[in-house]
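Novice: What follows is a predicted structure for the sequence shown.
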Amino acid sequence: KAGLQYFGAATDTPGQRERAPFPASYPKYDAILKDPKEFGQTTPTNGMKFMFTEPEPGVFNYTEGEYVEGLAEDTGKILRCHALVWHNQLSPWFEKETWTPETMRVAITRHITNVAGHWKGRCAHWDVVNEALEEDGTYRQSIFYKVLGEEYLKLAFQVAAAVDPGAKLYYNDYGIERPASVKTAGAVKLVKMLKDAGIKIDGVGMQAHLHADNHPTTQDHIDTMKLYTALGVSEVAFTELDVRIKMPVDAEKLAMQADSYKAVATACVKVKECVGITLWDFYDPFSWVPDTFPGQGASLLWFDDFTKHPAYDVLIETF
Ligand code: XIL
């Protein structure tokens, strides 16, 4: 409906999956993951990140990312690639280096040239820069920003555009799903800065790591997407959707979670530039949530025993 091109789920390389509980569940997991009726798109949750792709300076390794890329190809899924420039999960060598603006320009250029070059033509989207903003909407004081200021954003998008002209290039962040938030305003400013400089940016990715208790409404999502599309980006997407619950789970919390998923889906089908929705994995035991937000969990659509959350049926009705 509207501009919706896909509903997908991110996945990890088997060896990297979070809190892998019982390996016997892998066949069931893989059957759902591969089923084209469930998911038409995927993203590697980890494998294309800096620490995997450039473990040593100028030494590239694509094994982890290729697992997910191969899975996408074998099962006819759209591949979203994630992420070229991010302050987290950087290689240790990158953190230790004493940078000058010039050496960092060279390093960023080399990384993007190699990684985006390796997957050229195969990534429908690239998250070129991830999480460049602080919670108050100012630029995050990352290693990139400290050395290059906002120039690193321009450089990253310019290099990505030159290396893989067919990929849609995204700015991706969390906490940018509400129209009145200062971080959303920061994202608007960031995208506008790139647009005003004549740099190619095609999309804004709203990660959408949401909480069932306090989630954006359908109207919040619509209004937020319009702020981005008004800047001239041709698309927006929900790139890492999950809706966490304060444990333990009960029927009421699951109903709120279903509302939250429904708000995202309803908004996305109503906004023509909203091209798709990606869950950040689909099976609760493989979610990043319990490790990152202690006491919270059950954020995806399949419980540990492979029964489905109520949100699953609500989503099916919405599409
Ligand atoms: C998470 C992965 O899911 C975890 O496995 C990993 O340990 C940390 O990163 N925002 C992002 C994603 O852009 O890359 C993060 O993924 C979750 C938050």
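Specialist: Nice, I can see it.
Novice: okay, CA-based contacts and neighbour counts for the rest of this
Specialist: Fine.
Novice: For Ala24, report the pLDDT, please.
Specialist: With respect to pLDDT, Ala24 scores 60.
Novice: Which residues are in contact with whichever residue of the stretch 101-250 of the chain sits closest to the ligand?
Specialist: Minimum separation of the stretch 101-250 of the chain from the ligand (C-alpha to the nearest ligand atom) falls at Asn130, amounting to 6.2 Å. Applying C-alpha atoms under 8 Å, 6 or more residues apart in numbering, we find Asn130 in contact with Ala83, Leu84, Val85, Trp86, His87, Tyr171, Asn172, Asp173.
Novice: From those, which land in strands?
Specialist: Ala83, Leu84, Val85, Tyr171, Asn172, Asp173 (DSSP state E).
Novice: Using CSV, please lay out those together with distance to Leu71, neighbour count and pLDDT.
Specialist: Shown next, in CSV, are these (distance: C-alpha to C-alpha, whole Å; neighbours: other C-alpha atoms under 10 Å; pLDDT from 0 to 100):
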residue, distance to Leu71, neighbour count, pLDDT
Ala83, 18, 25, 98
Leu84, 20, 23, 98
Val85, 24, 24, 99
Tyr171, 25, 24, 99
Asn172, 23, 27, 99
Asp173, 25, 24, 99
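Novice: Next, give me the two most distant ones among those residues.
Specialist: Spanning the widest gap among these are Leu84 and Asp173, at 13.2 Å by C-alpha to C-alpha.
Novice: ok, which residues in the chain are in contact with the ligand?
Specialist: Thr45, Asn46, Trp288 (C-alpha under 6 Å from any ligand atom).
Novice: May I ask which of these has the most neighbours?
Specialist: Thr45 (24 neighbours; other C-alpha atoms under 10 Å).
Novice: Correct me if wrong: it contacts Thr11.
Specialist: Yes: the criterion here is C-alpha atoms under 8 Å, and Thr45 meets it with Thr11 at 5.5 Å.
Novice: what's the longest helix along the chain in contact with?
Specialist: Longest helix in the chain, counting residues (DSSP state H): helix 251-270. For helix 251-270, the surrounding residues in contact (C-alpha under 8 Å, 6+ apart) are 1-4, 210-213, 215-219, 221-222, 237-238, 243-245, 274-277, 309-312, 314-315, 318-319.
Novice: Quick check: neighbours shared by Thr45 and Thr11?
Specialist: Trp280, Asp281.
Novice: And the residue of the stretch 151-300 of the chain found nearest the ligand, how far from Ala267?
Specialist: Proximity of the stretch 151-300 of the chain to the ligand (C-alpha to the nearest ligand atom) peaks at Trp288, 4.8 Å away. Here the distance between Trp288 and Ala267 works out to 25 Å (C-alpha to C-alpha, to the nearest Å).
Novice: Was I right to think Pro36 contacts Asp74?
Specialist: No: applying C-alpha under 8 Å as the test, Pro36 and Asp74 come out as separate, 10.6 Å apart.
Novice: Name the residue in these two with the higher neighbour count.
Specialist: Legend: neighbour count by other C-alpha under 10 Å for Pro36 and Asp74, higher for Pro36 (14 against 10).
Novice: Please report how far that one lies from the ligand.
Specialist: 22 Å (C-alpha to the nearest ligand atom, to the nearest Å).
Novice: and the residue lying closest to that residue once chain neighbours are set aside, how many neighbours does it have?
Specialist: Distances taken as C-alpha to C-alpha, 6 or more residues apart in numbering place Thr75 nearest to Pro36, at 6.9 Å, with adjacent residues excluded. Close neighbours of Thr75, defined as other C-alpha under 10 Å, add up to 15.
Novice: Report the contact partners of Thr75.
Specialist: With C-alpha under 8 Å, 6+ apart, Thr75 has these contacts: Lys34, Asp35, Pro36.
Novice: which one of these is nearest Arg17?
Specialist: Lys34 (16.3 Å).
Novice: Distance of the closest one relative to the ligand?
Specialist: 19 Å.
Novice: For that residue, grab phi and psi.
Specialist: Main-chain dihedrals, Lys34, degrees, to the nearest 10: phi -80, psi -20.
Novice: Over to the one 10 residues further on?
Specialist: Listed backbone geometry of Pro44 is phi -70, psi 130, with angles given as degrees, to the nearest 10.
Novice: Ala10 is in contact with that one, correct?
Specialist: Yes: at 5.6 Å, Pro44 and Ala10 qualify as touching, with contact defined as C-alpha under 8 Å.
Novice: quick one, which of those two is more surrounded?
Specialist: Shown here are Pro44 and Ala10; by other C-alpha under 10 Å, Pro44 has more neighbours (26 against 23).
Novice: Number of residues surrounding Ala311?
Specialist: Neighbourhood size, Ala311 [other C-alpha under 10 Å]: 22.
Novice: Once you drop chain neighbours, what's closest to it?
Specialist: Nearest one to Ala311, counting by C-alpha to C-alpha, 6+ apart, is Ala258 at 4.0 Å.
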